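S.K.: Here's a sequence, model it:
(3 chains)
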Amino acid sequence: MDITMPLMILAIPLGMFLLLGLFGNKMSHKLAGWLGTLGMGTALVLAYTTAYQYFFSGSELFINAAGERLQYAVFDYTWLEFTEKLIIKLGFLLDPISAMMLVVITTISFMVHLYSLGYMHGEKGFQRYYAFLSLFSFSMLGLVVATNIFQMYIFWELVGASSYLLIGFYYTKPSAVAASKKAFIVTRFADLGFLIGILILSFYSSTFDFVTMTSNPQSVFASTAGTMFMGGSVLTWGLVLIFMGGMGKSAMMPLHIWLPDAMEGPTPVSALIHAATMVVAGVFLVARMFPVYIVQESALEIVTVVGALTALYAAIVACTQIDIKRVLAFSTISQIAFMVVSLGVARPDFHEGLGYMASMFHLFTHAMFKALLFLGAGALIHAVHSNDYTAMGGLRKYMPITHITFLIGCLAIAGIPPFAGFFSKDEILTAAFNNSPLWGIWMTGVAGLTAFYMFRLYYRIFWWNNPDYGHHTPHDGPWTMSLPLIILATISCVAGFIPFGEFVTWNGHEYIIHLDWTVATTSIVVAVCAIALATVMYRKENATPTRMKNAMKGLWTAAYNRFYFDELYIFITHKIIFNLVSRPIAWFDRHIIDGTMDSFATMTNYASEKIKGLQSGSVQQYVWVYLVGALLLAGAVIVFVI
Amino acid sequence: MELVGSIIMLGIIVLSIIVFSVLTVTTRKILRSATFLLFTLFATAGIYFQLDYEFLGAVQIAVYAGGIVVLFVFSILLTSRPGDNSAKLTSKKHVLGLIAAIGTLVVAGYALFSRCTALCTKLSPMKDYTMEDLGTDLLGSGAGQYLLPFEAISVLLLACIIGGIVVARKR
Amino acid sequence: MELTMLYYIIPSLIMFCCGVYGFITRKNMIAILISLELMLNAVDINFVVFNRFLFPGQMEGMFFTLFAIAIAAAETALAIAIIINLFRVAKNIDVEDVNEMKF
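M.R.: Numbers count the residues shown, from 1 in each chain, chains lettered A, B, ... in the order given. Okay, here's the model as predicted:
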């Protein structure tokens, strides 16, 4: 296969970043914005072509005679060669999930580029914004096509750095600066685990290469057998540490605290980073390593538990938030947790690893409808100039396009057929029920909560009451903002009918999706009930929500404060780490280490203070000393010699 | 008689040297100090005369007493106001000075007296030494003759004259 | 009573000691210079005396004294020039007060 096209997919966003970053200030806003959008559009076309070739060309490079889809490295350039074994390569790996991710990333990124033309219109630093968007797209694309875990780590960090830049875009706002720092530090902390995991795995497998690692993990990791550490095998530890990196990026509990704060960035950025692309990097990582994970089922169980807890937690918190972007943020955490659970419950012996397919399917559909919801929220914020739904209400009359597309997004995420979310969520629930009824029931409950809080949000924004907007009547945005909404809404309507199992399964075997109607009916009933409840409570302005709130005051307050996770972190870092560890270390450093050095300086200083008296510059004193010396010498000569 | 005369003469000279030397360094008026120095220098010239070095004595009076002391007096008049007394010495400095002086006296005196034989050398008659001999020795280039130091001193003096002018010139 | 070398050396020694004492204790620069002249003079006497008593046939001591006197004159002239210059700048010729440039 020709390497030009894959190379261009990476090179165009990078080139755009350099162009806009270096010369953006010389350009007009319009030119810079359209350049960035056009660059992304080109990348989009190229990515679509590449994915099309991969899935449909039927070339034996991509699919073998038995109908298994293969992993194919388009190019794999040796970048650093330290020793014979320690070789770091940069390459472009095509396989079902990377091809799918190329489509997802370029689509969402293009929509966001287009949308930002309207949303960011007239903002200071417009060119810088587009430069960062291009950098982010480049890093994300590089991440998904990585041929080896080290390349992935490099791009993983690049994604972190560019998301830091984007979250802190309004760098004059202290809260945005704090949020960007928080996001960076928390994910860095998680990446520490990731790095150790990489080292452990590559030490035992003596390779970084994904294909080598995943094609025959039993034998590659055979040397880990019997090596135990603190009750777990080395392989389990390595995989859990790798998953820790994923937890940081995908905002799994307890490393989720950065995501709600990251809403300080511009809304399109939230759509790009915190809905569709960066946060699914953790899911993608686990999916990439999935063949290794199934060797060690205990690691998968940990993944399941973390995901399930996070899903429930985020769903409950989302029910109480007022800031619409925060509701969406917690909803994102919850939905990502769905994917994680789905990966956790996937077993190869059931429907070709149904959970894996379901997870990727959900990743795909969720990216579309969550980007839609975020962009819709952006349009609302653009119109009302507030993030809180208390400032909104009755907007359906003023903003029809936003209303309809937002409703489609809500229906999709709630899991109502025939919208996209229904199909993917159903597959997840099927996989969960198969693994254990507990997880099935648990996740169904979370799905119901999802429907409830999404429609609570929907009704509060578009129905509820009719506040007085004064002269400034809200209206739909310009076409650059509406078009992406319409496109994404269309995709959200139809994406569910994609025969996803034909394209993406963990081992490349084709799998025909068939709905398990018991599970599907249950989830539809639960979702409809939840929506009905939300309708009753929030359609018209009434006192029920307040009464409910007062009835469950303790729970509500706890959820509203996100179960005090941030306070817990503050407590642990400030009280425990700072007071018990840092302060003694600082004391030791200041008084023992510095004290020793300072005492040398003080002693030297003291001695020279004393000695400098001798160097008085007074000739009389010199003469006296000289004379006395001479006399003593002469006396000595007289006494001892003569 | 001549012997007695020269003894008396020497007694006066020695006494004046000792007395005026001590006075030079102990008086608190700087102008008096210069004056006592002048007397000391005269007494020294007396020693030279007594030892038959008439030319040296003349030089001593002309250069030292006549030149240097006048220079001192002028500079004293330039740099101090009338009635200025030098401040009382601090006892520490006084003690230091005394230690050094007495130490020198003791060490050098002991060294001298431990070699009493040389010290008791008597004055022997000196060969006749005329001005002509002196001139020849000063400007000759043979053994025991001093043309080179003489020239060096001339250059040094010239340098000093120029240096003195440059340093003390009004800017 | 014989006139031996001793009677010439003793006043010279005392003169030298006076010079030392003066050099160390006086504060006025000119006074220090005067003390220096005393010491120099004492050395001159020694030269002459040793020459006359121990080597009466030669003239080295006499010549050295001659040169020493010349150099002393030069040195004094220069020192006084410096002192006067210093006085102009600092209005003071006390060695202890001229310490502007000390550490």
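
S.K.: pLDDT averaged over stretch A:155-170 - what is it?
M.R.: For stretch A:155-170, the mean pLDDT works out to 89.

S.K.: Show me the shaky parts of the chain.
M.R.: I'll assume chain A. Flagging of chain A using pLDDT under 70 yields the residue ranges A:1, A:224-227, A:229-231, A:350-352, A:468-471.

S.K.: nope, chain C
M.R.: Within chain C, the ranges that satisfy pLDDT under 70 run C:1, C:98-103.

S.K.: can you pull out the helices in it?
M.R.: For chain C, the helices defined by DSSP state H occupy C:6-25, C:29-54, C:60-90.

S.K.: Columns distance to chain A and mean neighbour count on top of those helices, output as TSV?
M.R.: Every C-beta, even on glycine, is put in place using the N, C-alpha and C of the backbone. Formatted as TSV, those follow (distance: least, Cβ to the nearest Cβ, whole Å; neighbours: other Cβ atoms under 10 Å in any protein chain shown):
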stretch	distance to chain A	mean neighbour count
helix C:6-25	5	23
helix C:29-54	7	22
helix C:60-90	12	19
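
S.K.: and A:Tyr569, how far is that from A:Tyr164?
M.R.: Here A:Tyr569 is placed at a distance of 19 Å from A:Tyr164 (Cβ to Cβ, to the nearest Å).

S.K.: The helices of chain C: which one's closest to A:Gln296?
M.R.: A:Gln296 lies closest to helix C:60-90 among those, at 89.4 Å (Cβ to Cβ).

S.K.: what angle do the closest one and helix C:29-54 make?
M.R.: 180 degrees (axes from the mean of the first three to the mean of the last three Cα atoms, to 10 degrees).

S.K.: what about stretch A:260-277, start to end distance?
M.R.: 16 Å (Cα to Cα, to the nearest Å).

S.K.: What residues of that stretch count as buried?
M.R.: Residues of stretch A:260-277 classed as buried under the neighbour-count rule (16 or more other Cβ atoms under 10 Å in any protein chain shown) are A:260-277.

S.K.: Identify the residue nearest residue 34 in space, chain neighbours excluded?
M.R.: Just going to use chain A. A:Leu117 (7.4 Å; Cβ to Cβ, 6 or more residues apart in numbering or on different chains).

S.K.: my question was about chain B
M.R.: Among residues not flanking B:Ala34 along the chain, B:Phe72 sits closest, at 4.6 Å (Cβ to Cβ, 6+ apart).

S.K.: gap between the one you found and chain A?
M.R.: For B:Phe72, the distance to chain A equals 19 Å [Cβ to the nearest Cβ, to the nearest Å].

S.K.: if I pick the residue lying closest to A:Glu68 once chain neighbours are set aside, what's in contact with it?
M.R.: Nearest residue to A:Glu68, sequence neighbours excluded (Cβ to Cβ, 6+ apart): A:Gly508, at 4.0 Å. Neighbouring residues of A:Gly508 by Cβ atoms under 8 Å, 6 or more residues apart in numbering or on different chains: A:Ile63, A:Glu68, A:Arg69, A:Leu70, A:Asp95, A:Pro96.

S.K.: For A:Gly508, give me phi and psi.
M.R.: For A:Gly508, the backbone dihedrals (degrees, to the nearest 10) come out as phi 90, psi -10.

S.K.: now do the one 4 residues further on
M.R.: Dihedral angles of A:Ile512 (phi, psi; degrees, to the nearest 10) stand at phi -90, psi 120.

S.K.: sorry, back to before: list the contacts of the residue nearest to B:Ala34.
M.R.: B:Ala34, B:Leu37, C:Ile30, C:Leu33, C:Ile34, C:Thr76, C:Ile80.

S.K.: Quick one: low-confidence residue ranges for chain B.
M.R.: B:1-2, B:82-89, B:171.

S.K.: try 80 this time
M.R.: Scanning chain B for pLDDT under 80 picks out the ranges B:1-3, B:80-91, B:114-128, B:144, B:168-171.

S.K.: Return the residues of it in contact with chain A.
M.R.: Chain B comes close to chain A at residues B:Leu96, B:Gly97, B:Ile99, B:Ala100, B:Gly103, B:Thr104, B:Val107, B:Ala108, B:Tyr110, B:Ala111, B:Ser114, as judged by Cβ under 8 Å from any Cβ of the partner chain.

S.K.: Would you write out the PyMOL command that picks the buried residues out of the residues you listed?
M.R.: To isolate the buried members of these in PyMOL, using 16+ other Cβ under 10 Å:
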select buried, chain B and resi 96+97+99+100+103+104+107+108
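
S.K.: B:Leu156 is nearest to which of the helices of chain C?
M.R.: Across the helices of chain C, the minimum distance to B:Leu156, taken as Cβ to Cβ, is reached by helix C:60-90, at 5.7 Å.

S.K.: Nearest residue to the middle of the chain?
M.R.: The chain I'm using is chain A. A:Val279 (2.8 Å; Cα atoms, centre = their mean).

S.K.: Not quite, go with chain C.
M.R.: Chain C has C:Glu37 as the residue nearest its centroid, 2.4 Å off, counting by Cα atoms, centre = their mean.

S.K.: in stretch A:245-265, what counts as buried?
M.R.: By neighbour count with 16+ other Cβ under 10 Å, stretch A:245-265 contains the buried residues A:245-253, A:255-265.

S.K.: Which ones among the buried residues of stretch A:260-277 lie within helices?
M.R.: Using DSSP H, the subset of those located in helices is A:Pro260, A:Asp261, A:Thr267, A:Pro268, A:Val269, A:Ser270, A:Ala271.

S.K.: The fourth one and A:His121 touch, don't they?
M.R.: When you say that, I think you mean A:Pro268. No: between A:Pro268 and A:His121 there is no contact under Cβ atoms under 8 Å: 11.7 Å.

S.K.: which neighbours do the two share?
M.R.: Counting by Cβ under 8 Å, 6+ apart, A:Pro268 and A:His121 have no shared contacts at all.

S.K.: got a list of what the residue nearest to the centre of chain C touches?
M.R.: Taking Cβ under 8 Å, 6+ apart, we find C:Glu37 in contact with B:Leu37, B:Leu41, B:Tyr64, B:Ile68, C:Gly19, C:Ala72, C:Thr76.

S.K.: so whichever helix or strand the first one is part of versus helix C:6-25, what angle?
M.R.: Using DSSP states H and E, B:Leu37 maps to helix B:30-50. Interaxial angle, helix B:30-50 versus helix C:6-25 (the same axes, to 10 degrees): 160 degrees.

S.K.: Buried residues in helix B:30-50, which are they?
M.R.: By neighbour count on 16+ other Cβ under 10 Å, the buried set for helix B:30-50 is B:30-31, B:33-50.

S.K.: Briefly note if the top helix by length along chain B comes near chain C.
M.R.: Across chain B, the longest stretch assigned as helix under DSSP H is helix B:2-26. Yes: using Cβ under 8 Å from any Cβ, we find that helix B:2-26 touches chain C at B:Ser6, B:Ile7, B:Leu10, B:Ile13, B:Val14, B:Ile17, B:Ile18, B:Ser21, B:Val22, B:Thr24, B:Val25.
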